[in-house]
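Visitor: mind folding the following:
(one chain, ligands or ions: 1)
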Amino acid sequence: MSETVDVLIVGAGAAGMMCAIEAGRRGRSVRIVDHARAPGEKIRISGGGRCNFTNLGTGPANFLGENPRFATSALKRYTQHDFIKRVDRASIAWHEKTLGQLFCDDSAKQIIRMLTDDMREAGATLSLGLAVDRVARSGEGFEAALSDGSVVRARSLVLATGGKSIPKMGATGWAYETARQFGLRVTDTRPALVPLTFEPGLLEKLAPLSGLSVEAVVSHRTPADGGAPGRPTAETRFAEGMLFTHRGLSGPSILQISSYWREGEAITVAMAPGEDVYARLKAAKEENGKQMVHTALGHIVPRRLAESVCEREGVQGKLAEVGDKVLRRLDEAVNAWTVKPVGSEGYRTAEVTLGGIATDELDQQTMAAKAVPGLYAIGEAVDVTGWLGGYNFQWAWSSGWAAGQVC
Ligand SMILES: Cc1cc2nc3c(=O)[nH]c(=O)nc-3n(C[C@H](O)[C@H](O)[C@H](O)COP(=O)(O)OP(=O)(O)OC[C@H]3O[C@@H](n4cnc5c(N)ncnc54)[C@H](O)[C@@H]3O)c2cc1C
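Guide: Predicted coordinates:
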């Protein structure tokens with residue numbers, strides 16, 4: 001069986017569906033295939049089932065990659081406000097949770113339904129449970145052999161299979177391999193927005209803290225000699241929640257910093273940001289020297305954390321028994337805790353993949369491969385990675401929209 005269409009999109013995730021809608025609305029015949037049994041599976045599980053579908057403050061500064069400015073054009077042409085209007089038209093109720101992050105009031109499934117309804121209206125054909133076995137250049141377009149034995153010929157081929165994060169959900173490196181097959185450069189990829197892990201010795205010491213969360217400021221400085229393209233040399237910091245786990249650290253601030261951190265590097269954590277721990281302990285000492293040090297510290301940070309910090313610093317006894325030097329050490333242990341993670345939880349739990357199809361291979365207005373007419377790459381497959389907070393979906397919507405105007 002063979003079929004000829006204008007546009008073949010591989011990957012019915014956020015970016016692929018957006019592209020299918022836009023291309024279909026332009027009157028293009030569109031086939032969108034996905035090997036999963038349902039479209040938009042990552043949308044479904046995102047934001048704890050409520051999908052953090054965009055961020056009010058989206059701009060190029062919220063993205064990493066060899067050339068973070070690459071995203072500017074698509075993000076400006078199809079903005080967060082455009083997507084919000086679309087969500088409003090579909091009567092999907094939403095709210096701002098924090099830091100400009102917009103979530104559905106009810107369910108992420110509403111976003112998937114909105115997109116599949118729009119695809120249907122736009123005349124795009126969605127085929128699920130189908131993989132692309134082979135794809136090759138054919139005449140002025142492409143020929144793809146699908147896993148059901150059929151062949152699809154298309155003038156435009158859109159790579160929209162996302163990144164490698166969460167293989168259990170069907171994530172593959174297909175877009176990268178196919179891009180390479182057509183001669184496009186792919187930058188190194190690594191798990192990002194991912195919990196960080198500690199070595200067993202440290203884990204043992206921190207075991208009592210497992211499950212504890214604190215508001216923290218987590219920072220990272222790229223070593224001057226360790227800069228890779230796109231890595232900022234200045235200090236990067238995030239002020240958000242942090243969670244101690246049985247493997248190391250997680251929570252929004254850690255996921256954010258994981259995109260900047262590399263093996264062998266340290267991160268610095270402030271667990272009582274804005275508090276002068278030294279001054280508060282000193283005042284407590286003057287007021288009541290008989291108070292135990294860990295009790296006094298427990299008025300500034302959670303008790304479990306206070307006990308753990310005192311134990312790790314070897315500080316025992318009453319405030320009256322410790323000098324200023326010790327109080328300063330405790331201050332540093334709380335608000336300038338410098339720690340070297342040994343690794344991350346990897347693609348198994350990473351929310352996104354850093355790196356991907358090199359942006360200098362693509363036209364920033366259309367996502368078209370400069371050297372391969374008719375080939376496009378969109379969404380997470382491209383070397384554009386957003387912060388946590390709705391930025392990655394906005395990139396998927398914007399890049400999918402941009403390709404959909406021309407493919
Ligand atoms: C747990 C979790 C929560 C997240 N929460 C948020 C959030 O709240 N806000 C946010 O902005 N971002 C979030 N993200 C990130 C966001 O989901 C992705 O950045 C976004 O889905 C990327 O869209 P995409 O269309 O490029 O790729 P995807 O959405 O990953 O879609 C790719 C599609 O391609 C299909 N596919 C893969 N390989 C093949 C193949 N070989 N053949 C055929 N089909 C294939 C997949 O089945 C999938 O349907 C979250 C990610 C995870 C894992």
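
Visitor: and the residue most central in space within the chain, what's its pLDDT?
Guide: Closest residue to the average C-alpha location of the chain: Val352 at 4.2 Å, with C-alpha atoms, centre = their mean. Reported pLDDT at Val352 in the predicted model: 98.

Visitor: who does it bridge with?
Guide: Per DSSP bridges, the residues bridged to Val352 are Ala192.

Visitor: quick one: it and Gly379 touch, right?
Guide: No: checked against C-beta atoms under 8 Å, the pair Val352 and Gly379 is beyond contact range at 10.4 Å. (Glycine included, C-beta is placed from N, CA and C.)

Visitor: count the neighbours of the residue of the stretch 1-150 of the chain found nearest the ligand for me.
Guide: Residue of the stretch 1-150 of the chain nearest the ligand, by C-beta to the nearest ligand atom: Gly13 (1.9 Å). Neighbour count of Gly13, defined by other C-beta atoms under 10 Å: 28.

Visitor: ok, back up a step: dump the residue contacts of the residue nearest to the centre of the chain.
Guide: Residues in contact with Val352, defined by C-beta atoms under 8 Å, 6 or more residues apart in numbering, are 163, 165, 192-193, 259, 380, 385-386, 392.

Visitor: what about 10 Å?
Guide: Val352 makes contacts with 42, 64, 162-166, 191-194, 255, 259, 380, 385-388, 391-392, 395, as judged by C-beta atoms under 10 Å, 6 or more residues apart in numbering.

Visitor: repeat for Val152
Guide: With C-beta under 10 Å, 6+ apart, Val152 has these contacts: 1-5, 8, 10, 31, 33, 127, 130, 132, 135, 142-146.

Visitor: quick one: end-to-end distance for stretch 172-187.
Guide: In stretch 172-187, first residue to last residue: 16 Å (C-alpha to C-alpha, to the nearest Å).

Visitor: now that stretch: buried residues?
Guide: 173-176, 178-179, 182, 184, 186-187 (16 or more other C-beta atoms under 10 Å).

Visitor: what do Val352 and Gly379 both touch?
Guide: 162-163, 392, 395.

Visitor: if I look at the residue of the stretch 301-407 of the chain found nearest the ligand, how far off is Trp395?
Guide: Proximity of the stretch 301-407 of the chain to the ligand (C-beta to the nearest ligand atom) peaks at Gly379, 2.2 Å away. Per C-beta to C-beta, to the nearest Å, Gly379 is found 7 Å from Trp395.

Visitor: who's more crowded, these two?
Guide: Gly379 (32 against 27).

Visitor: dump the residue contacts of the residue nearest to that one when sequence neighbours are not counted.
Guide: Closest residue to Gly379 apart from its sequence neighbours, by C-beta to C-beta, 6 or more residues apart in numbering: Ala15 at 2.8 Å. Applying C-beta under 10 Å, 6+ apart to Ala15 gives the contacts 9, 158-162, 367, 377-382, 392-393, 395-404.

Visitor: what about 8 Å?
Guide: Counted by C-beta under 8 Å, 6+ apart, Ala15 has contacts 160, 162, 378-381, 395-397, 399-400.

Visitor: give me the next element, helix or strand, following whatever helix or strand it lives in.
Guide: Assigned by DSSP states H and E, Ala15 belongs to helix 14-25. Using DSSP H and E, the next helix or strand after helix 14-25 towards the C-terminus is strand 30-34.

Visitor: now what about that following strand, what contacts it?
Guide: 3, 5-13, 16-17, 20, 23-24, 119, 122-132, 146, 152, 154.

Visitor: if we go to 6 Å?
Guide: Applying C-beta atoms under 6 Å, 6 or more residues apart in numbering, the external contacts of strand 30-34 come out as 5, 7-10, 12, 16, 20, 23-24, 124-128, 130, 152.

Visitor: restricted to strands, list those.
Guide: Judged by DSSP state E, these include 5, 7-10, 125-128, 152 as members of strands.

Visitor: show the buried residues in the residues you listed.
Guide: Using 16+ other C-beta under 10 Å, the buried ones in these are 5, 7-10, 126, 152.

Visitor: now flag whichever of these is closest to Gln80.
Guide: Ile9 (23.0 Å; C-beta to C-beta).

Visitor: okay, and the beta partners of the closest one?
Guide: Counting by DSSP bridges, the residues bridging with Ile9 are Ile32, Val158.

Visitor: Ala368 too?
Guide: Going by DSSP bridges, Ala368 forms beta bridges with Tyr376.

Visitor: which parts of this protein sit against the ligand?
Guide: 10-16, 34-36, 41-42, 45-47, 51-52, 131-132, 160-162, 165-166, 170-172, 174, 351-352, 379-381, 390-393, 396 (C-beta under 6 Å from any ligand atom).

Visitor: buried ones from the residues you listed, can you make that a PyMOL selection?
Guide: Of these, the buried ones go into a single PyMOL selection, burial set by 16+ other C-beta under 10 Å:
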select buried, resi 10+11+12+13+14+15+16+34+35+36+41+42+46+47+51+52+131+132+160+161+162+165+166+170+171+174+351+352+379+380+381+390+391+392+393+396
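
Visitor: and for stretch 261-277, what are the contacting residues?
Guide: 214, 216-220, 257, 300-301, 331, 334-338, 340.

Visitor: tell me which element Arg120 is part of?
Guide: helix 109-121.

Visitor: how confident was the prediction at Ala122?
Guide: In this model, Ala122 carries a pLDDT of 98.

Visitor: skipping its backbone neighbours, what lies nearest it in space?
Guide: Using C-beta to C-beta, 6+ apart, the nearest residue to Ala122 is Gly24, at 2.9 Å.

Visitor: that neighbour contacts Gly123, correct?
Guide: Yes: at 4.8 Å, Gly24 and Gly123 qualify as touching, with contact defined as C-beta atoms under 6 Å.

Visitor: since that was my last question, I'll sign off now.
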